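Student: After the sequence you'll find the predicted model.
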Amino acid sequence: YSPFRLLPYLVHVHSSALPGLEPCCLALLEKMRSGYEAPRIPANKRIFTTTHTPGCVFLEVDERAVPL
């Protein structure tokens with residue numbers, strides 16, 4: 001978990017192809033210190049696997065999930 005803040009700036013730059021100044025959007029990211037700390041998952045628990053049989057059925061389906 002690495003929170004950051006996006007800081008957009010409008011700057012004017014010289015272009016060799018065009019005379020005068022040209023507007024340009026400059027975006028800087030600033031790392032933020034957060035009081036939240038993401039839970040640490042042990043390396044041996046980071047991989048989730050499961051198996052299914054041909055007769056497997058869904059007993060509970062969350063309506064917010066993508067339709068099958």
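Tutor: That came in fine, so what should we check first?
Student: chain center to stretch 11-29: distance?
Tutor: 28 Å (Cα atoms, centre = their mean, to the nearest Å).
Student: Correction: the previous question concerned stretch 25-32.
Tutor: That offset, for stretch 25-32, works out to 15 Å (Cα atoms, centre = their mean).
Student: try stretch 35-53
Tutor: 18 Å.
Student: and what of stretch 21-37?
Tutor: Using Cα atoms, centre = their mean, the distance from the centre of stretch 21-37 to the centre of the chain it belongs to is 14 Å.
Student: Just give the number of residues close to residue 53.
Tutor: Here the number of neighbours of residue 53 (other Cβ atoms under 10 Å) works out to 6. To be clear about C-beta, it is placed using only N, CA and C from the backbone, and glycine gets the same treatment.
Student: repeat for residue 45
Tutor: Residue 45 has 7 neighbouring residues, counting by other Cβ under 10 Å.
Student: Next: residue 7.
Tutor: Other residues lying near residue 7 total 10 when counted by other Cβ under 10 Å.
Student: Is it correct that it is in contact with residue 32?
Tutor: No: here residue 7 lies out of contact with residue 32, judged by Cβ atoms under 8 Å, at a distance of 11.3 Å.
Student: where do the contact lists of these two overlap?
Tutor: Residues touching both residue 7 and residue 32 by Cβ atoms under 8 Å, 6 or more residues apart in numbering: none at all.
Student: which stretches of this structure form strands?
Tutor: Secondary structure of the chain (DSSP state E): strands at 4-14, 21-31.
Student: Return the list of strands paired to the first one, each annotated with direction.
Tutor: Within its sheet, and counting by DSSP bridges, strand 4-14 is paired with strand 21-31 (antiparallel).
Student: mean confidence for the partner strand?
Tutor: Averaging pLDDT along strand 21-31 yields 92.
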